[in-house]
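Colleague: Here is my input; please provide its structure:
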Amino acid sequence: MSVKDFFVKTGGLFLWGNLLAMLLVVVLLSVGVWYGLELYTHHGEGIVVPNIKGKSFQVAYRQLQDAGLVIQVSDSGYNKKLAADCILAQSPGFGTKVKEGHTIYVTVNSPSSPTFVIPDIVDNCSVREAEARLTAMGFRLLPSLLVVGEKDWVYGIQCRGRRVSNGDRIPIDYPLTLMVGSGSYDDTDNFEYIESSYAVPAEGEVDEFVEVPEKQPTE
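Modeller: Numbers count the residues shown, from 1 in each chain. This next block holds a predicted model:
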């Protein structure tokens, strides 16, 4: 069978020409989409994130804006050694390559220390449990103050010489002192029950504490 006869039997040159044209169009479209996406997403290009930690928010804002990036506050912290409103942390970090318009999330320094509520500790737990709960919250504890009471039981909390209670809000950088029972008690707290030796007089007997009137002589 000749080539001419094969094309005649399979539809002719017109059919094969259309198939080749369609294939060429698909290839051209694929290549066009590929390069179009690269141009749109700036493939291979990136902006290096600058280091803004320790800088004031205004300075960091201008620096990122000049670099084509966006800044957004995501959290706040407290470091008394740093100025208020300075950057404590950033994400993405320094040196990361990002696209233009990317948002850099920052943590700023609070002007005052955060306050936390004193949990239900006073007269409700042992000194070991109280220390674990308070240190986990970030409080610094001074040596405990021993008071009269059950050993190792928390009877109170002092903060800067003032007694605080459960539910009070205290700045996290204020040290606390636990008032812990020493296991000793005052003499006034010792009450020893002594059974009375006084007995109710039996019938016919005279109560020695009752005055009996003298009998008057009969005439």
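Colleague: Next one: residue 135 relative to residue 172, how far apart?
Modeller: The gap separating residue 135 from residue 172 is 11 Å, by CB to CB, to the nearest Å. Backbone N, C-alpha and C define where each C-beta goes, glycine included.
Colleague: repeat for residue 95
Modeller: 32 Å.
Colleague: Next: residue 111.
Modeller: Residue 111 sits 14 Å away from residue 172, going by CB to CB.
Colleague: quick one, which of these two is more surrounded?
Modeller: In this view residue 111 and residue 172 are compared by other CB atoms under 10 Å, and residue 172 has more residues nearby, 13 against 10.
Colleague: from what I can see the more buried one touches residue 78, true?
Modeller: Yes. Between residue 172 and residue 78 there is a contact under CB atoms under 8 Å: 7.2 Å.
Colleague: For residue 52, which residues are in contact?
Modeller: 59-60, 63-64, 71, 87, 90, 94, 104, 106 (CB atoms under 8 Å, 6 or more residues apart in numbering).
Colleague: how about it, secondary structure?
Modeller: Following DSSP: H, G, I helix; E, B strand; the rest coil, we place residue 52 in the coil state.
Colleague: Name the nearest residue to it, sequence neighbours excluded.
Modeller: In space, not counting the residues next to it along the chain, residue 52 is nearest to residue 60; the distance is 3.9 Å by CB to CB, 6 or more residues apart in numbering.
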